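Q: Starting from these lines, generate the structure:
(chains A and B)
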Amino acid sequence: MAAVELTLWLFSFFGVAGLLGIVVYQLMCLSDLEFDYINPFDSASSINKFVLPEFIGHGALCGFYLLTGHWLMFLLNLPLAYYHMRLFMHKRHLVDVTEIFNLLGKEKQYRLMKLGFYLLLFFIVIYKLVVAAVVVILEYDRGPDVDF
Amino acid sequence: MQPPPPKPGVPGAQPGYSPFGQPPTSQNQPLLPPGSQRPVQPWQQSPSGVAQPFRPGGNFPSAPGPPVGGPPTAGPGSTIPGSGPPPLGARPAGPPGAFIPGQNSPAHAPGPPPPPFTRQPPGPPPPSAFRPSGPPPPTMSTLLGGNQGPPQGPGLAPPPVGAQPPPMGTTFSQPFPTGRIPGYPTQVPPGPPPTSGPYMNPPTSLGQPPFAGQSMQPPPFGPSSQTRLNQFPAPPQLATTQQGPPQSAPPFGPPPSYYGAPSPTSTPLQTPPPPMAGYGYDPTTRGLPEEFQSLNMVPLPGSMEAAVDASVLPRPTDDVEPTPSAWAANCHPRYLRLTSNSMPNAQSLVARWHLPLGAVVHPLAEAPPGEEVPVVNFGATSIVRCRRCRTYINAYVTFTDGGRRWRCNVCVLLNEVPVEYFCPLDVNGKRKDADERPELSQGSVEFVAPTEYMVRPPMPPVYFFLIDVSASAIRTGMLQTACETIKASLDKLPGYPRTQIGFITFDSALHFYNLKSTLTQPQMMVVAELDDPFLPMPDDLLVNLSESRAVVEALLDSLPAMFQNNLNVESALGPALKAAFMVMSQLGGKLLVFQSTLPSLGVGRLKLRGDDPRIYGTDKECNLRVTEEQFYKQMAADFSKYQIAVNVYAFAEKYTDLASLGTLPKYTGGQVLHYPGFQVQTHGEKFTYELGRDLTRETAWEAVMRIRCGKGIRFSTYHGHFMLRSSDLLALPAVDCDKAFAMQLTLEDTLLTSQTVYFQVAVLYTSSSGERRIRVHTMAAPVTAEIGEMYRSADVGAITSLMSRLAIEKSFTSKLEDSRQAGQSRLVRALREYKNLFAVQYRTTGRLIYPESLKLLPLYVLAINKSLALRGGFNEVSADGRSAAAFEMMTMPASRLLKYIYPSLYRIDDYLYQTAKAKADPVDLPAPLPLSAERLDPRGAYLYNDGLRFVLWVGKVVSPDFVGLLFGSEVAQSPDSSKAVVVEQDNDLSKRFIAVLNKLREKNTAVYQECLLVRQGEQPRESILLLQNLVEDRTIQPYGYVDWMTQIYRLVQQTS
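A: Residues are numbered from 1 along each chain as shown, chains lettered A, B, ... in the order given. As a prediction, the model looks like this:
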């Protein structure tokens, strides 16, 4: 049982790390644009490339928590998942290349907030991961002869 | 507020060098408030009366250091040792230096001064000529404590300052102007009337030496005497304003100089009117000068509400042309206008400005003959630019080190002068060849760019036509007219022989045309695959016009016949755009889309939306004004990336979702031309002209534009039709002389230390002839620390232009009502701020106070709110009409915009009858009337001109013969005048009428103004075409001009 838990947290560790990576990459694209290192077309297309993967990844993580019965984690993620869905339904999830300079501030803020959220998630997951690992190690230490 | 001299910062200016060496001409002045021209201080004049060559005006008491307004050497006065005035306190109250009204005339003849009282400069016009706008009377002395006096002859010389109460103590009894003052305050003639009397308590200021000293200056022209007074301990402010020729300062005899307000235009100086002679000698003048203007708000009988007499409200005169800048090296305001010609030096000032701070740029504006932008070719040397900030060399840079180096005016970096560009300096530190080189003497210049400025060989002009051939396009005659016009324009397309041309037509399928020059007839290829359109013969769809001329003509001849019986009503615009993109992406160019229905097939199909009145007033309202179809945005971005500009011609009678279609022009530097309910009989001429102009006007291809400005200032937002390629680079695939752009700036530093801010607009483009060019406009603006000065030097045209663009952009994201409110609240805050400047000295209740420069702003804000783009709600304007107007207003230059939002109305019947016989050429229309239905007399005929079209309104009582004479007898008999077209009839009246129309059209070549006839009572045309546009009436919004002013007044009075 403990091993299952460990795998689960290991899985979500990589998931959250991936999300973090995506957000950081998008933020980099935006600041590159701000400092004129790339043009808006490239910037927007590289950001937009990762928008859906992020949404799907986060949605999957959310569903995964639901299925494995981690209610608290699920509830924590639910608002963002809902927000993503709304954006997608209204077709507002992609960065608008034509207005990107006017939206730069907003887009950065939005992603910074997400970055904060994912970091929070990341620490929780690490904590859970460590706890799970400790449990596994303790179980291992106790040896297989526990049941008698 | 200080206009820095033309060559600020010449460190080594020689004593003999005067930046004002050449007497400014009349056009040197007008933008500056009267006060900024104070060439000479009285005490700087030699008692002998001989004009000193370097009489500075720059020296103010205790200002030995560099004057604030300009670099040390720039202040003409500062170069003269000993010319500094005595310390303030030591300044005798009496006269050594007398003030001469004439000395303020920049055109004053140099040389020995004329004898006293013949100060009228020999040739030059009176000073007032420099201020066409008729600034308010100088008021320094009123602010300084009532030393205001009339211009005086020697005999009338008032006693010395400190000792003397103002002439004729009776003036003290002169009441404050109140509501009873008749006349038209905003038209106070420049210069106070001789009767202007002091009304302030003289002891307060006269008793104090500093003030007395100050009042000794030729005060009347002081820009902001009030603020200046407050800041008295900082005299440099005062000391540096001189722009006028120093020579023009003959001493003016004994009379003390504090008669500050010699009215430049008033009576000849030799015969000054008796000081008090006529309070009221000029009924339109208020009794005392104030440096602001005001409207008296009279309480209505029986109510608490104040009202104002409609006849005294300020209204624009017919021509609202900006006046050229005071500085000869500035570009003409037709290219670049700042919302305030004085830049704030601190963010706290920006916060108090309340109006938009920025610029309106019209980089390729058409110049009248003789004023074209000179072309400079550096040949093998590359263009001289600053190493650090990349500013182009301009007339404001200064050369040092014997001409081996130059200092960048924008970033102050010392740059080496390239060997090829070297030229020694003359004794004044000026390059000897400066006058021969346009880039060193003029504000606008065009550089021929060498290969460093090319990322690819200069493109040829490319015109690609995407023509809707569905049933409605055939029925309305659009296709026929378009083909004829294109054919007629083929000879005039710019860029022969490199011009390229191509066509695609579409209904439910795409039709490509092989125009290869070896063919005799064009080959048509139909592609019905809409999901993934492909190009059948990619190489022969876009061909060189001169080679394939015959084939192109054959195609244009046959197109209308080919689709004559087309019953297809579908329109696959999206796939057609994709196909056109594939054809054009190699080269870029201009794509002209002719669309007569709602796109209904394939990607980019649009829905009918906006037919629900309930959506207005909700938060979703704004969605109607932007596209919901991402395809158009993506397509626009791709077009812009590949240097393709899109112009959309929309002809549909019903809804075509212009908000979506217009996205393409919006981001590619194009424009939307809307012909709702196109019928060839009525709109044909307009369409023909406008398409022809679009095809033949000089166009700048693959252009980018950037505006640079000095350190501490940054342009933050841009408004217009373009796409930002980086944070400050505007990508303009094709830009022409009819497009203007607006931008707002922000202060980055909390405090600006420089005295002058420089702006440089640079447009890098490929001309039709295939030459890479850079058009550069440079402008300098003084920095001020006074909010009053900012208001005084405000440019109402630029402000209105910027405000209208902001309002339209706001309407894309919020409700119309919010957008209108935002403009109103800006106006109110600005007026309140301005009022508070004077709240201490003046009674401000009961009147609405505004600076002369902004007297029209309330009217224009009202007009913006009532413009087609922003007025009303669902019922007033169709969604497409609103979008079309918004797109139009986003590209219009300021002068056209003012005309558009506040059109002119002339009574024309009397005029025509009177002048019909006279074959004389000059067409001087009668004065424009206020835009109010009250002015429409049923016995008259009125011509309404909004810069897009003319409307001829004919009253009920006018004899049908009048219409018959102008439009022909058939129109006169038919009750329906919607089909009436002006055709020259065989009579004098008609000929005269057409001459009038043509004269007005000449002034506005950007569009074709067709003339519509509307008769009184002919609904709904009368109301749509005319009555709703009379902005002074309570038609759309519940307030007219009078109510609006009352409301603004009330809001301004509220303390918040």
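Q: contacting residues for the nearest residue to residue B:410 once chain neighbours are set aside?
A: If you skip the residues right next to it in sequence, residue B:410 has residue B:391 as its closest partner in space, 4.4 Å away by Cβ to Cβ, 6 or more residues apart in numbering or on different chains. Where you see a C-beta, it was placed from the backbone N, CA and C, and this is true even at glycine. Shown in contact with residue B:391 (Cβ atoms under 8 Å, 6 or more residues apart in numbering or on different chains): B:385, B:408-411, B:708, B:758, B:760.
Q: start to end distance for stretch B:456-468?
A: Between the opening and closing residues of stretch B:456-468 there is a gap of 33 Å (Cα to Cα, to the nearest Å).
Q: Using neighbour counts, pick out the buried residues of that stretch.
A: Applying a neighbour-count criterion of 16 or more other Cβ atoms under 10 Å in any protein chain shown, one finds B:458-468 buried in stretch B:456-468.
Q: Among those, which are located in strands?
A: Among these, the subset assigned to strands under DSSP state E consists of B:462-468.
Q: pLDDT and distance to chain A added to these, as JSON lines?
A: As requested, these are arranged in JSON lines below (pLDDT from 0 to 100; distance: Cβ to the nearest Cβ, whole Å):
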{"residue": "B:462", "pLDDT": "95", "distance to chain A": "21"}
{"residue": "B:463", "pLDDT": "95", "distance to chain A": "24"}
{"residue": "B:464", "pLDDT": "95", "distance to chain A": "21"}
{"residue": "B:465", "pLDDT": "96", "distance to chain A": "24"}
{"residue": "B:466", "pLDDT": "95", "distance to chain A": "20"}
{"residue": "B:467", "pLDDT": "95", "distance to chain A": "26"}
{"residue": "B:468", "pLDDT": "93", "distance to chain A": "24"}
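Q: from those, which single one is nearest residue A:59?
A: Ranked by distance to residue A:59 (Cβ to Cβ), these are led by residue B:466 at 40.8 Å.
Q: Quick check: residue B:711 touching residue B:757?
A: No. With contacts defined as Cβ atoms under 8 Å, residue B:711 does not count as touching residue B:757, sitting 9.0 Å away.
Q: who's more crowded, these two?
A: A direct count of neighbours by other Cβ atoms under 10 Å in any protein chain shown for residue B:711 and residue B:757 places residue B:757 higher, at 24 against 15.
Q: Partner strands of the host helix or strand of that one and their direction?
A: Element membership of residue B:757, judged by DSSP states H and E, is strand B:756-766. Strands that pair with strand B:756-766, judged by DSSP bridges, come out as strand B:699-709 (antiparallel), strand B:772-784 (antiparallel).
Q: Deepest-packed of those strands, please.
A: Looking across the strands paired with strand B:756-766 with neighbours counted as mean count of other Cβ atoms under 10 Å in any protein chain shown, the highest average goes to strand B:772-784: a mean of 26.
Q: downstream neighbour of that strand in the secondary structure list?
A: Under the assignment DSSP H and E, the closest C-terminal helix or strand after strand B:772-784 is helix B:787-792.
Q: Residue A:81 and residue A:19: what is the separation?
A: 12 Å (Cβ to Cβ, to the nearest Å).
Q: circling back: please report phi then psi for the residue nearest to residue B:410.
A: The phi/psi pair for residue B:391 (degrees, to the nearest 10) reads phi -70, psi 140.
Q: so what's it scoring on pLDDT?
A: Here, the pLDDT recorded for residue B:391 equals 93.
Q: same question, residue B:293
A: According to the prediction, residue B:293 has pLDDT 79.
Q: got it, and residue B:22?
A: Predicted confidence (pLDDT) at residue B:22: the value is 40.
Q: cool, and residue B:159?
A: Reading off the model, residue B:159 has pLDDT 38.
Q: how about the residue most central in space within chain A, what does it touch?
A: Using Cα atoms, centre = their mean, the residue of chain A that lies closest to the mean C-alpha position is residue A:19, 3.4 Å off. Contacts for residue A:19 were tallied using Cβ under 8 Å, 6+ apart; they are A:54, A:57-58, A:61, A:118, A:121.
Q: Just the buried residues from those residues, in PyMOL please.
A: A single PyMOL command selects the buried members of those (16+ other Cβ under 10 Å):
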select buried, chain A and resi 54+57+58+61+118+121
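Q: tell me what the strand or helix carrying residue A:101 is packed against?
A: Taking DSSP H and E as the definition, one finds residue A:101 inside helix A:100-142. Other helices and strands packing on helix A:100-142, by 3 or more Cβ pairs under 8 Å, 6 or more residues apart in numbering or on different chains; DSSP states H and E, are helix A:2-34, helix A:40-49, helix A:71-89.
Q: Dump those to CSV, plus mean pLDDT and distance to residue B:354.
A: Converted to CSV, those look like this (pLDDT from 0 to 100; distance: least, Cβ to Cβ, whole Å):
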stretch, mean pLDDT, distance to residue B:354
helix A:2-34, 92, 29
helix A:40-49, 92, 32
helix A:71-89, 94, 36
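Q: Okay, and residue B:666 sits in which element?
A: Assigned by DSSP H and E, residue B:666 falls within helix B:663-668.
Q: Next secondary structure after that helix?
A: Next along the chain from helix B:663-668, counting by DSSP H and E, comes strand B:672-674.
Q: what helices or strands is that following strand leaning on?
A: By contact count (3+ Cβ pairs under 8 Å, 6+ apart), the secondary structure elements abutting strand B:672-674 are strand B:644-650, helix B:658-661, helix B:680-696, helix B:879-891.
Q: Now distance to chain A too, for the ones you listed, in JSON lines please.
A: What follows is these, written out as JSON lines (distance: least, Cβ to the nearest Cβ, whole Å):
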{"stretch": "strand B:644-650", "distance to chain A": "13"}
{"stretch": "helix B:658-661", "distance to chain A": "13"}
{"stretch": "helix B:680-696", "distance to chain A": "23"}
{"stretch": "helix B:879-891", "distance to chain A": "14"}
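Q: possible to save those as TSV with mean pLDDT, mean neighbour count and distance to residue B:835?
A: What follows is these, written out as TSV (pLDDT from 0 to 100; neighbours: other Cβ atoms under 10 Å in any protein chain shown; distance: least, Cβ to Cβ, whole Å):
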stretch	mean pLDDT	mean neighbour count	distance to residue B:835
strand B:644-650	95	27	45
helix B:658-661	92	27	40
helix B:680-696	91	18	45
helix B:879-891	92	24	30
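Q: Enumerate every residue touching the nearest residue to residue B:390 once chain neighbours are set aside.
A: Nearest in space to residue B:390, with sequence neighbours left out and distances taken as Cβ to Cβ, 6+ apart, is residue B:708 at 7.3 Å. Residue B:708 sits next to B:389-391, B:410, B:759-760, B:762 when contact means Cβ under 8 Å, 6+ apart.
Q: quick one: which two of those are the most distant?
A: Using Cβ to Cβ, the pair of the contacts of residue B:708 lying farthest apart is B:390 and B:759, separated by 14.2 Å.
Q: more crowded one of the two?
A: Neighbour comparison, residue B:390 and residue B:759: the larger count goes to residue B:759, with 25 against 14 (by other Cβ under 10 Å).
Q: What's the separation between that one and residue B:669?
A: Residue B:759 sits 21 Å away from residue B:669, taking Cβ to Cβ as the criterion.
Q: repeat for residue B:992
A: The gap separating residue B:992 from residue B:669 is 40 Å, by Cβ to Cβ.
Q: Got the phi and psi for residue B:715?
A: Dihedral angles of residue B:715 (phi, psi; degrees, to the nearest 10) stand at phi -80, psi 130.
Q: got it, and the one 4 residues further on?
A: The phi and psi values for residue B:719, taken as degrees, to the nearest 10, are phi -140, psi 120.
Q: next one: the one 10 residues further on
A: According to degrees, to the nearest 10, the main-chain angles of residue B:729 amount to phi -120, psi 120.
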